[in-house]
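A.B. asks: the following comprises the amino acid sequence and a computationally predicted model.
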Amino acid sequence: APDIDVKAVKADLDQLQKIADANGGNRAHGQPGHKASIDFIKEKLDKAGFTTQVQEFDNNGATGYNLVADWPGGDEGKTVMAGAHVDSVDAGPGINDNGSGSAGILEVALAVAKSELKPAKHLRFAWFGDEEDGMIGSQAYVDKLGADKSKIDSYLNFDMIGSPNPGYFVYDDDTRLEKVFKDFFKSKDIATEIETEGDGRSDHASFKDVGIPVGGLFSGADYIKTEEQAKNWGGEAGKAFDACYHQSCDTSKNIDDKALDNNSDAIAHALWELSS
Ligand code: PHE
Ligand code: CA
Ligand code: ZN
Ligand code: ZN
Ligand code: ZN
């Protein structure tokens, strides 16, 4: 798999920050910054040759949007999906939560196009709306799939992958998918732990609930880093992985570049492996 250039991921985060700045400071469901974020990502994917679709849904009296991008080719009966929620909370711009996952999978999608990948399995990327009110967008997506859910080989979720005091957590919901990520980090000599802080609290839950195998990565939210974890990963023991979680200070400064880089590379590795 290619090495994802973290500078490109960071440039996307700067754009998402600008979108928040121009739209009242957030990118939340029902706010103009949410749709503007979807439009920004869609334009890049369309230019790169993806087939994109915007799905609308309603919650709390406002329209929400999911962006779905298919890379033409591969066995659609075995679709490998990567997803991230693109909405923020109302309190701030949501750059680590979850500009980070949104930008990470965007740059991996663009790398798929650039390398003219011809995977055996079909590849699909999704940017979900309104995760923050209870995974509303991903639930709408899965509901709409209906019987086609049997065609989803696996769903990989990326919600917070650049936490400023990072940990390396791998979802342990499915051993096959967990192993792909663990092998990658092992090859980089990076220790990982099983993800427990967020169990069932992000969009993968919508997929897992209907029996689709799920995996993913997480760099930590408001849990506190232990001494042991600081020894393994650096950063500060006794402090939250992301002290700006769900706050106005979750800006483009609230990112650890190395974690964002490693996790973006891990996404590419996993998608190349799983779709081959
Ligand atoms: N879904 C939570 C949020 O958006 C955080 C979270 C991330 C939970 C990853 C589980 C896994 O605030
Ligand atoms: Ca990289
Ligand atoms: Zn959140
Ligand atoms: Zn989140
Ligand atoms: Zn690889």
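C.D. replies: Arrived safely. Ligands and ions are numbered 1, 2, ... in the order given.

A.B. asks: ok, now which ones touch the residue of the chain found nearest ligand 1?
C.D. replies: The nearest approach of the chain to ligand 1 comes at G198, 1.9 Å away (CB to the nearest ligand atom). Every residue, glycine included, has its C-beta placed from N, CA and C. Each residue near G198 by CB atoms under 8 Å, 6 or more residues apart in numbering is listed here: D159, F218, A221.

A.B. asks: repeat the analysis, applying 10 Å as the threshold.
C.D. replies: N157, D159, M160, F169, Y171, H204, A205, G216, F218, G220, A221, Y223 (CB atoms under 10 Å, 6 or more residues apart in numbering).

A.B. asks: start and end of stretch 240-259, how far apart?
C.D. replies: 15 Å (CA to CA, to the nearest Å).

A.B. asks: tell me if that stretch is near ligand 4.
C.D. replies: No - judged by CB under 5 Å from the ion, stretch 240-259 stays clear of ligand 4, getting no closer than 8.7 Å.

A.B. asks: buried stuff in that stretch?
C.D. replies: 240-247, 250-252, 254-256, 259 (16 or more other CB atoms under 10 Å).

A.B. asks: from those residues, which is closest to A191?
C.D. replies: Of all those, A191 sits closest to A259, with 12.9 Å by CB to CB.

A.B. asks: just checking, the closest one touches G167?
C.D. replies: Yes - at 8.5 Å, A259 counts as touching G167 under the criterion of CB atoms under 10 Å.

A.B. asks: what's the overlap in contacts for those two?
C.D. replies: Joint contacts of A259 and G167 (CB under 10 Å, 6+ apart) are S219, G220, W233, G235, F241.

A.B. asks: mark which of those residues are part of helices, please.
C.D. replies: W233 (DSSP state H).

A.B. asks: could you dump the shared contacts of A259 and G167 to CSV with distance to ligand 5 and pLDDT?
C.D. replies: Shown next, in CSV, are these (distance: CB to the ion, whole Å; pLDDT from 0 to 100):
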residue, distance to ligand 5, pLDDT
S219, 20, 98
G220, 24, 97
W233, 21, 98
G235, 26, 98
F241, 26, 98
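
A.B. asks: can you report how many residues neighbour the closest residue to ligand 5 within the stretch 101-250 of the chain?
C.D. replies: Going by CB to the ion, ligand 5 is nearest to F184 of the stretch 101-250 of the chain, at 6.4 Å. Neighbourhood size, F184 [other CB atoms under 10 Å]: 23.

A.B. asks: contacts for the helix or strand it falls within, please.
C.D. replies: Assigned by DSSP states H and E, F184 belongs to helix 175-187. Residues from elsewhere that reach helix 175-187 (CB under 10 Å, 6+ apart): 1, 80, 153-156, 168-172, 174, 190-192, 194-195, 213-217, 262-263, 265-274.

A.B. asks: from the buried residues of stretch 240-259, pick the one nearest A36.
C.D. replies: Once CB to CB is applied, the member of those that ends up nearest A36 is S252, at 15.8 Å.

A.B. asks: state the pLDDT value of the nearest residue to that closest one once chain neighbours are set aside.
C.D. replies: In space, and not counting its chain neighbours, S252 is closest to Q17: 4.3 Å by CB to CB, 6 or more residues apart in numbering. If you check Q17, the pLDDT there is 99.
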